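[1] Just a sequence and a predicted model for now, questions to come.
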Amino acid sequence: MAISTYAQLQTAVASWLNRSDLTTQIPDFITLAESALNRRLNLRVMTQEASLSTTVSSRTVALPTAFIEPIALWRLDTDRVPLIFRLPETMEICTTAGRPEYWAVDETIVFERPADAIYSLVFRYVQGFALSDAAPTNWLLTNHPDVYLFATLVEAAPYLRDDNLLAVMSARLEKAISEVTDKESRSRSLASLSTDLPRPREGWDWLTGR
């Protein structure tokens with residue numbers, strides 16, 4: 001059975017549980033599984049950039065869908081200008097409209113002052129995995145459907161009061177996550193190695209070595 005879409009994942013979960021009466025509960029199991037996975041996984045593919053813009057006279061900008069945590073925010077002038085991050089409770093507020101210089105995250109992106117114009121922004125952030133009927137697939141489901149399946153079955157086990165299912169699927173999930181994170185570590189090490197290699201001088205011929 002292919003498991004590459006939200007609907008196929010729901011069908012697979014029902015099949016593995018050998019239950020046809022959990023149509024309402026299975027989407028909840030998937031949501032709980034994603035919540036747990038998003039807390040645990042630290043994958044490069046989860047780092048995203050979104051183009052945003054300010055609204056005149058407003059201090060806030062809505063966060064992107066499936067936002068987990070912020071990384072950086074730039075204002076696009078001639079070049080990218082990094083805005084300075086502050087905790088919401090420590091950021092000083094100015095009521096005079098102007099060009100935002102500071103930002104925080106508090107249910108939305110919040111600036112220290114209302115914007116006096118429309119400013120283009122680039123927001124780098126960690127995006128979680130969140131399947132739905134409108135977003136029926138994602139990178140994790142495409143590349144590691146076993147992680148999704150086992151994580152969902154782990155969440156189903158307490159509902160079914162099935163300790164054996166919980167133990168077996170927890171073990172399989174831990175193995176699958178370990179393999180995914182090991183692969184991610186190897187990829188990052190390779191990327192770091194290629195970055196650290198010396199660049200050839202101008203005019204260098206790889207074939208002759210001169």
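    Good, I have the coordinates. Residues are numbered from 1 along each chain as shown.

[2] for the residue nearest to the spatial centre of the chain, what are its contacts?
    The residue at the geometric middle of the chain, judged as the C-alpha nearest the mean C-alpha position with C-alpha atoms, centre = their mean, is Gln127 (2.3 Å). Shown in contact with Gln127 (C-beta atoms under 8 Å, 6 or more residues apart in numbering): Met46, Thr47, Gln48, Pro64, Thr65, Ala66, Phe67, Ile68. For every residue, glycine as well, the C-beta is placed using N, CA and C.

[3] tell me which of the residues you listed is nearest to Asp133?
    Closest to Asp133 out of those is Thr65 (14.0 Å), distances taken as C-beta to C-beta.

[4] The closest one: what's it in contact with?
    Contacts here follow C-beta under 8 Å, 6+ apart; on that basis Thr65 touches Gln127, Ala130.

[5] Would you mind stating the distance between it and Gln10?
    Taking C-beta to C-beta, to the nearest Å as the measure, Thr65 falls 21 Å from Gln10.

[6] And the residue nearest to the centre of the chain, its phi and psi?
    Recorded main-chain torsions at Gln127 are phi -110, psi 130, according to degrees, to the nearest 10.

[7] Could you do Ala50 as well?
    Ala50 has phi and psi values of phi -130, psi 140 when expressed as degrees, to the nearest 10.

[8] check contacts around it.
    Taking C-beta under 8 Å, 6+ apart as the definition of contact, the neighbours of Ala50 are Pro64, Val122, Phe123, Tyr125.

[9] ok, for Arg100, nearest residue in space, not its chain neighbours?
    If you look again at residue 100, you'll see it is Pro, not Arg. Excluding the flanking residues, the one nearest Pro100 by C-beta to C-beta, 6 or more residues apart in numbering is Phe111, at 3.8 Å.

[10] List the pairing partners of the longest strand seen in the chain within its sheet, with orientation.
    Across the chain, the strand with the greatest residue count (assigned by DSSP state E) is strand 67-76. For strand 67-76, the paired strands and their directions (DSSP bridges) read strand 80-82 (antiparallel), strand 120-127 (antiparallel).

[11] ok, and which of those has the densest surroundings?
    Taking mean count of other C-beta atoms under 10 Å as the contact definition, the stretch among the strands paired with strand 67-76 with the greatest mean neighbour count is strand 120-127, which reaches a mean of 18.

[12] quick one, strands of the chain?
    Chain-ordered strands for the chain, with DSSP E as the definition, fall at 47-53, 60-61, 67-76, 80-82, 84-85, 102-105, 109-111, 120-127.

[13] got those as CSV, with distance to Met1 and mean pLDDT columns?
    What follows is those, written out as CSV (distance: least, C-beta to C-beta, whole Å; pLDDT from 0 to 100):
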stretch, distance to Met1, mean pLDDT
strand 47-53, 30, 97
strand 60-61, 42, 98
strand 67-76, 30, 97
strand 80-82, 46, 96
strand 84-85, 45, 98
strand 102-105, 40, 98
strand 109-111, 41, 98
strand 120-127, 28, 98
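
[14] How far does the helix ranked longest in the chain sit from its chain's centre?
    Under DSSP state H, the helix in the chain containing the largest number of residues is helix 163-196. Between the centre of helix 163-196 and the centre of its host chain there is 16 Å, according to C-alpha atoms, centre = their mean, to the nearest Å.

[15] Of all the residues in it, which ones are buried?
    Using 16 or more other C-beta atoms under 10 Å as the burial criterion, the residues of helix 163-196 that qualify are Leu165, Leu166, Met169, Arg172, Leu173, Ala176, Ile177, Val180.
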